[in-house]
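In: sequence and predicted structure are below.
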Amino acid sequence: MWARPLRNCWPERLTGLRAATALAALLACAPQVQARGYTPQGSCGGYERVSISSPAGTCVALVADERDGLRAPRRVLEISPGRLWIIDMGSWVPHQGRLLEVTLPAQPAATPAQRPQVKVLADKLDRPLALVRGPDAQIYIGEAGRIWRTPVPIAGEPVQPQTVLDALPNDGAHPLKEITFGLDGSLYVNMGSVTDRCQSTQGELAYPCPEREAMQFRGAVWRAVLQNPPVAGQPPVRQFAPFALGLRNSVALATLPDGPAAGSLWQGENNIDYRDKNEPPEELNELVAGADYGWPYCVGQQRVARGYNERVRCASTKMPRMLWPAHAAPLHLLATPITSPFHGQLLVAWHGPQGHRVVGFARQKDGKPGGKPVEWLTGWTADGNMRPLGRPTGLALNHLGQLMVVEDYNRTLLMLLPVPDTTAQAMHKR
């Protein structure tokens, strides 16, 4: 299951959608001269530049893609300068996922000789998603049915997996496990709902919804209290219980690291899949212990969801902090430090039909995110052979505070980099 060299070409894969049945499309693995759908537009920081809109003075670099063996990257994390780990889900077929280590060239130049080095640290992972550095400096990985951790090994050495949580529910439409840590060391885990809106196989809406009942508590975020410090011979988790309910699929979770609202927990809600283009809105929720956020009965600003009219009231549910475009599909939240170049913005990867961009929300007077979205990677519409439709799934900052982005369907690792001051360079050469 563990470390092996990476091959250059991979078997056919399946790509899952976020709808209830996770439909799959068969994609052939064939040698490529560039990332799927991208035509390089010059250079960006020594890498190939791609045509994605970004703020003035920046460019978007194509760092790695399917030439380097990426299949469906979902998360990225810098382990040390120039050394990255990537969670590659592979497909929605179980046990196709991998943990990859990407070593960036010391002096990047957009030539085949300067491709990143990629190694498989673990394979046969079951629909992995989460990739987080814990307060104990270990790296935590979330598969569909378990959470495990490993110390960071010396480069070239194998990982040392230790199971933290096992036998987690891995069935249904939303089996993926996202995690985040509270400032007190608590571990929060997504338990996505089995169905889109608690419907039966005949389409009938159950009330009360059994997925919300005590034997399941799906459509929820759970909290694990870890043994700290670890005790030899004892389980790593002391307590594991539901924290907040009524959350359809919390694959976007983050904890604010600093400021007046330090330690507050945030969730991007992938809401019910109406066929309407503009309904229902996605949500940004501040999670509070014991609160009910409404799924499947309520959507948006305490509105009764379709099919539950006359059966429920939503006044007691907790209202979202913000409403986002319907079907934007927030697939990752990144809470940046106030001292970073992003000044504490909460960054979000919008992946869905009305997403396809990376935006940020500034901290308000109360220290919490809000206001109008700050656009970081936009203009990501399909444009012939220049670029495909944007599919951002994971975000991270490196040691320089530069934004790294992975796309699943397009199989890429991107970086937002500064454009060199060509005027200053020319003056320096005189």
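Out: Now that the structure is in, tell me what you want to look at.
In: from now on I want contacts and neighbour counts done on CA atoms only, so please keep to that.
Out: OK.
In: residue 67 should be in a helix, yeah?
Out: Yes. Counting by DSSP: H, G, I helix; E, B strand; the rest coil, residue 67 is found in a helix.
In: quick one, strands of the stretch 1-150 of the chain?
Out: For the stretch 1-150 of the chain, applying DSSP state E, counting those that start in this stretch gives strands covering 2-5, 13-16, 24-27, 43-44, 47-50, 58-64, 73-80, 83-88, 97-103, 117-125, 130-133, 139-142, 147-150.
In: tell me which of these sits nearest to residue 298.
Out: strand 13-16 (26.2 Å; C-alpha to C-alpha).
In: hey, least reliable of the strands of the stretch 1-150 of the chain by pLDDT?
Out: Note on those: strand 13-16 shows the lowest mean pLDDT, a mean of 30.
In: ok, and the closest non-adjacent residue to residue 249?
Out: residue 192 (4.4 Å; C-alpha to C-alpha, 6 or more residues apart in numbering).
In: what sits against the one you found?
Out: Contact partners of residue 192, counting by C-alpha atoms under 8 Å, 6 or more residues apart in numbering, are 173-177, 218-220, 247-250.
In: among the strands of the stretch 1-150 of the chain, which is nearest residue 327?
Out: Taking the strands of the stretch 1-150 of the chain one by one with C-alpha to C-alpha, strand 13-16 is closest: 15.7 Å.
In: tell me which stretches of the protein form helices.
Out: For the chain, the helices defined by DSSP state H cover 422-429.
In: any idea which residue sits dead centre in it?
Out: What sits nearest the mean C-alpha location of the chain, by C-alpha atoms, centre = their mean, is residue 332, with 3.4 Å.
In: quickly list what residue 285 is bridged to.
Out: residue 267 (DSSP bridges).
In: check contacts around it.
Out: 266-269, 319-322.
In: show the end-to-end separation of stretch 306-313, please.
Out: Taking C-alpha to C-alpha, to the nearest Å, stretch 306-313 runs 13 Å from one end to the other.
In: and the contacts of that stretch?
Out: 205, 207, 297, 304.
In: how near is residue 342 to residue 357?
Out: Per C-alpha to C-alpha, residue 342 is found 16 Å from residue 357.
In: so what's the residue count around the closest residue to residue 84 other than its chain neighbours?
Out: Leaving aside its sequence neighbours, residue 84 sits nearest to residue 78 (C-alpha to C-alpha, 6+ apart; 4.4 Å). Residue 78 is flanked by 18 other residues according to other C-alpha atoms under 10 Å.
In: which residues are in contact with residue 78?
Out: 84-85, 396-399.
In: from the chain's centroid, how far away is stretch 213-220?
Out: Relative to the mean C-alpha coordinate of its chain, stretch 213-220 is positioned 23 Å out (C-alpha atoms, centre = their mean, to the nearest Å).
In: heads up, I number from 29, so please use that
Out: With 29 as the first residue, the last one maps to stretch 241-248.
In: list the buried residues in it.
Out: Residues of stretch 241-248 classed as buried: 245-248 (neighbour count, 16 or more other C-alpha atoms under 10 Å).
In: quick one: residues contacting residue 314.
Out: Contacts of residue 314 by C-alpha under 8 Å, 6+ apart are 292-295, 348-349.
In: tell me which two of those sit farthest apart.
Out: Pairwise distances across these (C-alpha to C-alpha) peak at 14.0 Å, for the pair 292 and 348.
In: quick one: contacts of stretch 419-435?
Out: Outside stretch 419-435, the residues touching it (C-alpha under 8 Å, 6+ apart) are 100-106, 108-109, 359-362, 368-370, 375-380, 384-386, 418, 436-438, 440-445.
In: do that again at 6 Å, thanks
Out: Contacts to stretch 419-435, defined as C-alpha atoms under 6 Å, 6 or more residues apart in numbering, come from residues 102-103, 105-106, 359-360, 368, 377, 379, 384, 440-444.
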